[in-house]
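Undergrad: below is the sequence, then the predicted model.
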Amino acid sequence: MITDVEIPEPLAPLPGATVNTNQGLLQWISSVDHKQIGIMYLLMTLFYLLVGGLLALLMRVQLMVPTNTFLAPDSYNQLFTMHGTTMIFFVLTPAILGLAVYMVPLQIGANEMAFPRLNAFSFWISFFGGFLLYFSFLAGGAPDAGWFSYAPLNQTQYSASPGIDYYCIGLLLSGIGTVGTAANLVVTIITLRTPSMHYRYLPVFVWMVLIDAFLILAAFPSLNAALVMLLVDRQLDGHFFNTDAGGSALLWQHLFWLFGHPEVYIVVLPPFGVLSEVFQVYSRKPIFGYPFVVGSGIAISLLAFGVWVHHMFATGMGNTVNSFFAVSSMLIGIPTGVKVFNWLGTMYGGSIRFTTGMLFATAFLVEFTIGGLSGISFAIVPIDWQLTDTYYVVAHLHYVFLGGSLFGLFAGFFYWVPKISGRLYSETLGKWFFWLFVIGFNLTFFVQHILGIIGMPRRVYTYPNLAGYSSLNLISSLGAFLMGVSMLLFLYLLYDTLKRGKRAGDNPWDGYTFEWLASSPPQLKNFTLLPPVYSFRPLHDLNHPKIGDYQKPDEEKYGTKDVD
Amino acid sequence: MEKLSILPSVLSPASAQADRIVSLTSYFIVAAAIVLAIVIGSLVYVVIRFRAKPGDKEPAQFTGNKVIEGFMIGVPTLLVVVFMYLTLDTMADVLPPEEDTRPDVVITGHRYWWEAAYPGTEAIVANEIHLPVGRRLLLHINAADVIHDWWVPALGAKMDAIPGRTNHLWVTITKPGVYDGACSEFCGTQHAWMRIKVVAQSEADFRQWVARKEKAANPVLSASAQAGAAFFSRQPCGSCHRIRGTAANGAVGPDLTHFASRKTMLAGLMENNPDNLRQWLTDPQHVKPGALMPRFSYPKDSINVLVAYLSALK
Amino acid sequence: MTLLLYYWSFDLVSAGLLLTLSLLYGSISGWRWQSGWRLYVAGLFLLTLVQFSPLHRLGMNCSMSAHMISHMLLLLVIAPLLVLGLPRQRVGRAGILMNRMSAFFQCAPWLGWLIGLGTMWFWHIPAVYAASVAHAGAGIVPICTLAGPSTDWRVNLVHLAHPISLMLGGICFVWPVLGPQPERRIFPLTGVLYLFTACVGCSLLGMLITFAPAGSFHAYAVDQSYYAMLSMLPAGWQLDPSVDQQMAGLLMWVPGCLVYLTGALWLFMTWLTSELEVDKVAPVHLR
Amino acid sequence: MEQKTLIKLVVGSEAIFFLALLMAFVYFTYVPVLNPRVASSLDLNRTSLFTVMLLSSSVTFWRAEVSFRRGRTKQLRLWLLCTVVLGVVFLVGQGSEYSSLLSRQLTVSKGTFTTSFFTLTGFHGLHVLIGIVVLSIVLYLTFLGDLDDPDSALLPSVGIYWHFVDVVWAVVFVIVYVLPHFLTGHTP
């Protein structure tokens, strides 16, 4: 029984499906369609991923041998600053936004975002933010004080080139765009769900996006305020962070990490949501412990604002302050662990299909556990005193950002690319890409743990020839090249999919959520008819009426039945 | 791992504080390894046991289990409690408050070199810092310009040097030796070459060393070195550098009173020998670009006499 | 430590407060124990501890952290326990009053938020804080007093207003979230936001206290009773005043906030896993 | 519904932004002791007057909303006009405060107090300006007759923003003007 359900429309009516779709580039630039904007977000992400990766490769060339002179120190400093800034603000953040903007309306059974024009505006302002940031290379030097741009190094007397001004304005612009999209997503999820989709029936991905959007709304203003203050310092000769004139170096760190730590969760929560979908569908089972997966997401986001001080354990704030934040930081390990084990539980007892997407999800479990555990070592203050600001941190954050966030995004890419492009990718190519990437990734970053332990600080453009340094750095650089090669393969895979891929059909994986009900790729108007929702797997209920969740009572739907 | 232990690392401690941190670290490594083993083990099991076989039907659609969720929350909570206790205990031992004690050494981070002063004595040195073994030392850590970070892995915790603030560290060195360290907060162009050398020696040797460093520079100078001294005093060198016993008393650059007694120069960048020194004085920005020493276009023979002078400052 | 445990105190007004609260329960419930009474009794028990136990003395005489612990208990533990423990079936005038209160907070939940946070902020204005711990300084006060540690009635008034207002503020705060009429509570997701913003407000205050220069809250007269009290603490507990202030701020900032967040999480989980009303409608079988 | 939710979210986000600026101000002027310059260089009386203006603009806006719901367009225009005028007057007042500060060489680069003061109040002023522009557009729409659907969420949404700007000022006023005056007034 498919009942005709009215699809909530945005306030301003959109042009109907009769619009002329052959407008070429103009159609993209002027588009307010959430799917096109989502694709543009993802393309922008891909572009910056390649650029940021290239910067990283240059850095790894420089670090391949001790006392290398391939790059001048200043160039190296610009490269790592730009690498970090690009990857955080112009790869991971827009990637999750792009995926959310594309998938959320489809998953909640809506035809558009709540504010299509705001959506387009947010994308373009982020886009130009990135553009402006890169413009700094032409304007006398890119920012060179690290992606977190610590005061007072970010002041004009220590960094005279205009790079940091570009950094401020670029990040402010993209920050405004990010906040705009986040607010838009919240409103969309709250108001445009298909009427029968109760909050408790939201797909996990939508839940994570909702939580994530709130995190963005609460965290980005702090960064924006810090950037504004920095601009005042640099342009109007203010003294917020200028220690020579009474300013405070630690104020910047507080404001920055009040944003910066939640940012880590901002870029990792939606991939958690993606993985929750991927694990379910490829294991042919509902997610294990739905309320715990969602609840731990909320727990992580709430705790996120109470732990930023652990980035500052080595600033000498005293043991009283440190010990409280050590405890709150360790607590975050608990909900994260809950998630990992729930995903294992989802796979348990399933019939697992190891497509490329599922391979990335499986690898994620290992890599993210490593990243999470090394993260806990920073909550243990004395260990942090030894290892913070070393290559151990570099290893840790890459395990979290790549092994966590990017692996999740790749899993999502392979899961959804048939929907977005309408074509199936080649599994052979996909698996080659997967193995090359995973091996390259581990080669690059695992040894960096050891580098940190044997005393190599991070952000050094070169290093003396001490025992162990050169061989480990060489391995790391070789791994980076392997990753570079695998990215070329990825580009070919993308080309191959679009050019030669087989037609995917609407629901190639026998998916559970509404996006698989729309055509592949979805029409301008996503849906005209929707079935009512009785569980968080509405399409599974429709396609497998015999074993559907809709007939179960709630406690069984959620796995919260009391055990006798 | 066997080979790693011979590398100078946070896992081969040479101070009481670093030792405490190592034992905490080893507990953590054990716990982390167990957790990782559980995750990977169960993952391998699941992957092998439950991979799709041809002709599989849809598996049983179970959705969760409260008891298992309870364990997922309870066990990590227990672990957190244990490590909370260990952390607090170790913290209190490693870095207690300073309690108005007079510091044994005051360390100041400058853009791209370290200065160490020994309160109660006249001694001021750069980059190669001697400390006595077997005594609980209080280090004060300051910065002159931007944030630096004092870190000698074998001696324990690192500590940020923040302009406008004084931080402290306690160190009880247990083994004499030379320990490498580096600035580990990004501080600008030459952050990479802001290395630290700590020479830990017996109390007697240390006192002798301080006494030597306290003395003003009073070397027996050869003719060319004398010319160099005269050149030094004519040029603006003294506005940045200090050579005790002469008119030069700048505080911007490293103290040069006993320059020639250091094994390395430019914060670990190169060996301290006349050739390197000549290269540096000829074109500092080529040798260490971004360093605060400007390039002076001196004629070759002036540089030669300058090298002779500085090399005599033992 | 053992010495400290002897320092129980007793004052008639606190006893009166406890009695009133007990009588209130009786009159609302129609003099029957109803389910949840354990929570109510636990609340009363904690209140007794806060008012009479050595913690109270410690907070009054020498330790801001101890004082802060009683604040947190009053506001974040005792108040919710009392509200949760209120009887399900309410009779009499007091019962009607409860329902009116629910109706009121259903209309204006933000007022509960404001009252709760306002009370907390108010008692941490340095001058007010000083007044709340001021006493005559006549050594450690005697075991039994009428209404407080001083002979000056104004000082005593502050001492009375302090715990009562904190508890009432806490009750107003939790009412929209945990009030005795579930149908009049705010929507659980709004509740999460309600508690989260409260946590932000509480963190801000904690942060201010933590980073305020040492001595901003130098309320304790450093006299005989101060040192006498201090000397009774076990070694290692004798906090330096600046560390004490930091500790107090951090107690509010981190564990205080964790209470709110745990509340938010609990609210969310109970909502997510509770029976859904739409499900009570017969499930529609697809196709 | 959508618009109001959006505005509420944006306002919540902005509140955190202002909180950060406010914390910076408090940090620089109240710690370790209150900077005595704050009370002496700021003009409490004049600013109180302009504060009253701004706060009363919230009242006039509220009246405008009431007239709008009742469909009384003429009153709506009048109240909106009042709101805009009061907002402009406030900005003029702030401008005069700035110019008197600048004439005494108290510029942004003078010290941490002026830096944080100008940043905080300047950003608030910017928000007032944005509010005035939006209100003027709304006013223009009422003259065009485009604002006649009493269920339209436009006016309530603008209202949320405008009230927010006023509340922020109330807080800023207390912390920047009243409190320092009060505290330094009592301790010489």
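TA: Yep, it's here. Numbering: from 1, shown residues only, chains lettered A, B, ... in the order given.
Undergrad: now do the helices in chain D.
TA: Using DSSP state H, the helices found in chain D span residues D:2-30, D:36-41, D:44-69, D:73-103, D:112-144, D:154-172, D:179-186.
Undergrad: and the ones you listed, which one's lowest on average pLDDT?
TA: Mean pLDDT per stretch puts helix D:179-186 lowest among the helices of chain D, at a mean of 74.
Undergrad: and that helix, C-alpha only, in CSV?
TA: Taking Å, rounded to 0.1, in the frame of the first residue of the first chain, the C-alpha atoms of helix D:179-186 are listed here in CSV:
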residue,chain,number,x,y,z
LEU,D,179,29.1,48.0,36.2
PRO,D,180,32.4,49.8,35.9
HIS,D,181,30.8,53.1,36.9
PHE,D,182,29.1,51.5,39.8
LEU,D,183,32.3,49.6,40.9
THR,D,184,34.7,52.5,40.6
GLY,D,185,32.1,54.9,42.1
HIS,D,186,32.2,53.0,45.3
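Undergrad: for it, buried residues please.
TA: D:179-181, D:183-184 (16 or more other C-beta atoms under 10 Å in any protein chain shown). Where C-beta positions appear, they are placed from N, C-alpha and C, glycine not excepted.
Undergrad: C:Leu17 contacts C:Ile164, correct?
TA: Yes: look at C:Leu17 against C:Ile164 with C-beta atoms under 8 Å: they come within range, at 6.5 Å.
Undergrad: just checking, next helix/strand downstream of the helix or strand in which A:Tyr495 is found?
TA: Using DSSP states H and E, the element containing A:Tyr495 is helix A:469-500. Going down the chain from helix A:469-500, the next helix or strand is helix A:538-543, by DSSP H and E.
Undergrad: can you name the element that comes right after the lengthiest helix in chain B?
TA: If you go by DSSP H, chain B has its longest helix at helix B:16-49. Using DSSP H and E, the helix or strand that follows helix B:16-49 in sequence is helix B:66-94.
Undergrad: C:Gly215 in helix, strand or coil?
TA: Assigned with DSSP: H, G, I helix; E, B strand; the rest coil, C:Gly215 falls in the coil class.
Undergrad: and the pLDDT for it?
TA: In this model, C:Gly215 carries a pLDDT of 73.
Undergrad: re earlier: now the longest helix of chain B and helix B:66-94, what's the angle there?
TA: Interaxial angle of helix B:16-49 relative to helix B:66-94 (axes from the mean of the first three to the mean of the last three C-alpha atoms, to 10 degrees): 160 degrees.
Undergrad: mind listing what's buried in helix B:16-49?
TA: B:16-18, B:20-22, B:24-25, B:28, B:31-32, B:35, B:39, B:42-43, B:46.
Undergrad: what helices or strands is it leaning on?
TA: In terms of contacts (3 or more C-beta pairs under 8 Å, 6 or more residues apart in numbering or on different chains; DSSP states H and E), helix B:16-49 is packed against helix A:333-347, helix A:356-379, helix A:381-387, helix B:66-94, strand B:167-172.
Undergrad: which helix in chain A runs the most residues?
TA: Longest helix in chain A, counting by DSSP H: helix A:249-283.
Undergrad: residues from chain A in reach of chain C?
TA: Contact residues (C-beta under 8 Å from any C-beta of the partner chain) of chain A with chain C: A:1, A:196, A:198-200, A:291, A:294-295, A:298-299, A:302-303, A:305-306, A:318, A:320-321, A:324-325, A:327-328, A:331, A:531-532, A:534, A:541-542, A:545, A:548, A:550-551, A:553-555, A:558, A:560.
Undergrad: which ones are touching residue 269?
TA: Picked chain A for this. A:208, A:211-212, A:215, A:297, A:300-301 (C-beta atoms under 8 Å, 6 or more residues apart in numbering or on different chains).
Undergrad: not quite, I wanted chain C
TA: Contacts of C:Met269 (C-beta under 8 Å, 6+ apart): A:291, A:295.
Undergrad: tell me which helix or strand it sits in.
TA: For C:Met269, the enclosing helix or strand under DSSP H and E is helix C:241-273.
Undergrad: and chain D, which residues reach chain C?
TA: Counting by C-beta under 8 Å from any C-beta, the residues of chain D near chain C are D:19, D:23, D:26-27, D:31-33.
Undergrad: show me which of the residues you listed are buried.
TA: Buried members of the residues of chain D next to chain C, scored by 16+ other C-beta under 10 Å, are D:19, D:23, D:26-27.
Undergrad: just those residues now: which is nearest chain B?
TA: Nearest to chain B among these, counting by C-beta to the nearest C-beta, is D:Tyr27 at 13.5 Å.
Undergrad: gap between the spatially closest residue to B:Glu122 that is not a sequence neighbour and B:Gln208?
TA: Of all residues not flanking B:Glu122 in the chain, B:Glu214 sits nearest, at 4.4 Å (C-beta to C-beta, 6 or more residues apart in numbering or on different chains). To B:Gln208, B:Glu214 is 11 Å away according to C-beta to C-beta, to the nearest Å.
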